[in-house]
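Asks: what follows is a predicted protein model with its sequence.
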Amino acid sequence: MAHARDNAPGAGGAYWMLIPAVAFTLLLIGLPFLYTIYLSLHQFVFGKDAVFNAGRNYLLMLQDRLFWNGLWVTLLLYGISLTLQMLFGLYLGMLLDRSVRGRGALRTILISPFVMPSVVVGMMWLVILDPSIGAANYVLESLGLPRSTWLASPLLVVPTIALIDTWQWTPFVALIILGGMQVLPIEPYEAASIDGAKRWQTFRYITLPLLRPAMITAATLRSVDLLRFFDTIYITTQGGPSNASTTLNIYAFRVGFEFFDIGYASAQMITLLAIVFGAVMAFAQLRRHAL
Amino acid sequence: MTSAGKRRLSAALTYAQYTLVCLVIVMPVAWMLASSFKTSAEVTAYPPRLFFRPTPANYIRLFSTTPFLEYTRNSLIVAGVSTILGLVLAVPAAYAVSWYRITWPATLTLAARMAPGTLFLLPWYIMFSDLGLIGSHWALILTHTVITMPLVLWVMMSFFDSIPREVLESALIDGCSPSSVLMRVAVPLVRPGIVVSTILAFVFAWNYFLFALVLSGFSSKTLPVAAFNFIGEGATNWGGLMAAAVLIALPPLILAFCVQRWLVHGLTFGAVKG
């Protein structure tokens, strides 16, 4: 702290400014986090004392078919959604970078999907994707394609949810990419044009590498949200049909709040946090190499 | 082709793509809006009706048959008070982090951004049960402050960073206490930041679903949870469902359009400007 005090007069005043926020964080995030770790090591039923069961919750998890199902659904949803959102986001970000009139209007429209409450997005797509009266099937039929059961199909439910999430969050990825595009240096492009580089070569060897930091930022933020995916699934399918869209987060929630197996649910949530944390660390590592 | 012709062609191609992107984004929302003005016969008609006589019946029924106003009031209380609480906690903290370059408190709040909300819900549920706060507005206000406080902190940090250090240094040398420098010098200089972070915090608290799903009671139910319950009750009443969806989405949409320049900045916790 001595260093900070040298630079800034009156550093003693810093602490009272920080204490409320830090105390709040410790009370509502730190303490519950430690309590969840504690619970994850115990057999816990409401109204009774917690009984220490030495990691048995974690062992149970390894033998639980539904846990592995949850992990698979989580990773599948993550893989499909992240791929689609990064690809379309890159395309859309570059499209927005072209200076033509009306760009501002498009940007305004682009923010609407991700500022709408997830409940509204879920309800909206429930109506559109309804197997019997939904507009989506009408579009398919008019194109001469067969109708689909969308969210009611065990096979299609994960891709369908991935599409909904892609609709909602691709614009967000695009705006991050656009932010990266707007600070690109000019010199490499001038050099490339003197060397007679083709457009795709410029894209592949100059734009893409220079955009890596922005892409990693977008991918990190989307990973955090996608790995703990909850809202849209809970609103549209509650994890069904027959657990086909039960992500780890949905499963842990149901174990905790529907089956009231608090200890086991806590163990799952700690595991999920470790997965999210691992992904964030991996992207941080990638970023270090990108710079 | 002449270069002017080439330029015109490329502009035309850009506009074609713009139009396509707009359609993909706007069509579902427009369909929701249209459905909210249809009668129950029209909304379930197949093939879907593109042309119909709009009626406000779904909206009228929403207010006359459900306590929609009460849910709105609950949402306003929860989002409003948690925003104020977030500002009170985070503005001084953001100033301290920015001025004294003590970064760990900011990093600490990022933990809240990473952890699944469900992880905190179990201990919160037990804590608030012990305190007898389940179903009260306070359980919701405190937990939604977990959303608003870090958001305000990170947005305000970059605003405080943009104040030239000499301005604050000269105030301190003139003998102002750190607290009066914050209130009389720094805060007036970052008024736009206060507006932006207030709006963003309100929008995110208003939209948040999970915490209220578990912690709200009969009399503190917020709009997203009420709407979620409508899905279960009114599987056949699509029109009413869409009317509720439109009304819930309106405030965040309008507010977000006002601060769109700052939206991505806020959502990325300052990692990206603009």
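Replies: Received the coordinates, thanks.

Asks: check the average confidence over stretch A:118-131, would you?
Replies: What stretch A:118-131 shows for mean pLDDT is 93.

Asks: the helices in the stretch 101-250 of chain B, which residues?
Replies: Taking DSSP state H, counting those that start in this stretch as the test, the helices found in the stretch 101-250 of chain B are B:104-114, B:117-130, B:137-161, B:165-173, B:178-180, B:187-189, B:191-207, B:210-215, B:223-233, B:238-258.

Asks: of those, which approaches residue A:74 most closely?
Replies: Between residue A:74 and these, the tightest spacing by C-beta to C-beta is seen for helix B:117-130, at 13.0 Å. Any C-beta I mention is one placed from the backbone N, CA and C, and that applies to glycine too.

Asks: and the angle from the closest one to helix B:137-161?
Replies: Counting by axes from the mean of the first three to the mean of the last three C-alpha atoms, to 10 degrees, helix B:117-130 lies at 130 degrees to helix B:137-161.

Asks: who's in contact with helix B:117-130?
Replies: The contact list for helix B:117-130, computed with C-beta atoms under 8 Å, 6 or more residues apart in numbering or on different chains, reads A:28-29, A:31-33, A:35-36, A:39, A:228, A:230, A:249, A:252-253, A:256-257, A:262, A:265-266, A:269-270, A:272-273, B:134, B:139, B:143, B:146, B:210-211, B:214-215.

Asks: are any of those residues buried, and which?
Replies: Buried members of those, scored by 16 or more other C-beta atoms under 10 Å in any protein chain shown, are A:28-29, A:32-33, A:35-36, A:39, A:228, A:230, A:249, A:252-253, A:256-257, A:262, A:265-266, A:269-270, A:272-273, B:134, B:139, B:143, B:146, B:210-211, B:214-215.

Asks: in helices only, show me the residues you listed.
Replies: Members of the buried ones among the contacts of helix B:117-130 lying in helices (criterion: DSSP state H): A:32-33, A:35-36, A:39, A:249, A:252-253, A:256-257, A:262, A:265-266, A:269-270, A:272-273, B:139, B:143, B:146, B:210-211, B:214-215.

Asks: distance between stretch A:213-221 and the chain's centre?
Replies: Distance, stretch centre to chain centre, for stretch A:213-221: 11 Å (C-alpha atoms, centre = their mean, to the nearest Å).

Asks: what about that stretch and chain B, any contact?
Replies: Yes - residues of stretch A:213-221 are located near chain B by C-beta under 8 Å from any C-beta of the partner chain, namely A:214, A:217, A:221.

Asks: show me what stretch A:157-169 is in contact with.
Replies: Residues outside stretch A:157-169 that contact it (C-beta under 8 Å, 6+ apart) are A:73, A:76-77, A:80-81, A:84-85, A:88, A:113-114, A:116, A:118, A:121-122, A:125, A:129, A:150-151, A:153, A:222, A:225-226, A:229, A:232-233, A:236-237, A:240-241, A:244-245, B:24-25, B:28.

Asks: which PyMOL command selects the buried ones in those?
Replies: Only the buried entries of these go into this PyMOL selection, using 16+ other C-beta under 10 Å:
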select buried, (chain A and resi 73+77+80+81+84+85+88+113+114+116+118+121+122+125+129+150+151+222+225+226+229+232+233+236+237+240+244+245) or (chain B and resi 25+28)
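
Asks: does stretch A:91-98 come close to chain B?
Replies: Yes - if you take C-beta under 8 Å from any C-beta as the test, stretch A:91-98 does meet chain B, through A:92, A:95, A:98.

Asks: burial of the first one, as a residue count?
Replies: Residue A:92 is flanked by 22 other residues according to other C-beta atoms under 10 Å in any protein chain shown.

Asks: am I right that it is in a helix?
Replies: Yes - using DSSP: H, G, I helix; E, B strand; the rest coil, the assignment for residue A:92 is a helix.

Asks: that one and residue A:170 touch, don't they?
Replies: Yes - assessed by C-beta atoms under 8 Å, residue A:92 is found in contact with residue A:170 at 6.4 Å.

Asks: pLDDT wise, what is residue B:179 at?
Replies: pLDDT, residue B:179: 81.

Asks: ok, now how distant is it from residue A:143?
Replies: Per C-beta to C-beta, to the nearest Å, residue B:179 is found 66 Å from residue A:143.

Asks: same question for residue A:53.
Replies: 56 Å.

Asks: those two: who's more crowded?
Replies: Comparing residue A:53 with residue A:143 by other C-beta under 10 Å, the one with more neighbours is residue A:53, at 17 against 7.

Asks: for that one, phi and psi?
Replies: Backbone torsions for residue A:53, taken as degrees, to the nearest 10, come to phi -130, psi 30.

Asks: just the CA coordinates for the one helix or strand residue A:223 maps to, please, in CSV.
Replies: Per DSSP states H and E, residue A:223 falls inside helix A:208-227. Extracted in CSV, the C-alpha atoms of helix A:208-227 (Å, rounded to 0.1, in the frame of the first residue of the first chain):
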residue,chain,number,x,y,z
LEU,A,208,-8.1,-12.1,-38.4
PRO,A,209,-4.8,-12.1,-36.3
LEU,A,210,-5.3,-8.4,-35.4
LEU,A,211,-8.9,-9.1,-34.3
ARG,A,212,-7.9,-12.0,-32.0
PRO,A,213,-8.0,-9.9,-28.7
ALA,A,214,-11.6,-8.8,-29.5
MET,A,215,-12.6,-12.3,-30.5
ILE,A,216,-11.2,-13.8,-27.3
THR,A,217,-13.0,-11.2,-25.2
ALA,A,218,-16.3,-12.1,-26.9
ALA,A,219,-15.6,-15.8,-26.7
THR,A,220,-14.8,-15.5,-22.9
LEU,A,221,-18.0,-13.6,-22.1
ARG,A,222,-20.1,-15.9,-24.2
SER,A,223,-18.5,-19.0,-22.6
VAL,A,224,-19.3,-17.8,-19.1
ASP,A,225,-22.9,-17.4,-20.0
LEU,A,226,-23.2,-20.5,-22.2
LEU,A,227,-21.6,-23.0,-19.8
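
Asks: how about that helix: buried residues?
Replies: A:210-211, A:213-227.

Asks: what is it packed up against?
Replies: With contacts taken as 3 or more C-beta pairs under 8 Å, 6 or more residues apart in numbering or on different chains; DSSP states H and E, helix A:208-227 sits against helix A:65-97, helix A:157-181, helix A:262-290.

Asks: okay, the angle between the longest one and helix A:157-181?
Replies: Helix A:65-97 runs at 40 degrees relative to helix A:157-181, counting by the same axes, to 10 degrees.

Asks: quick one: helix A:65-97 to chain centroid distance?
Replies: Put simply, helix A:65-97 sits 8 Å off its chain's centre (C-alpha atoms, centre = their mean).

Asks: what do you get for the shortest one?
Replies: Taking the mean of its C-alpha atoms, helix A:157-181 sits 10 Å from the chain's own mean (C-alpha atoms, centre = their mean).
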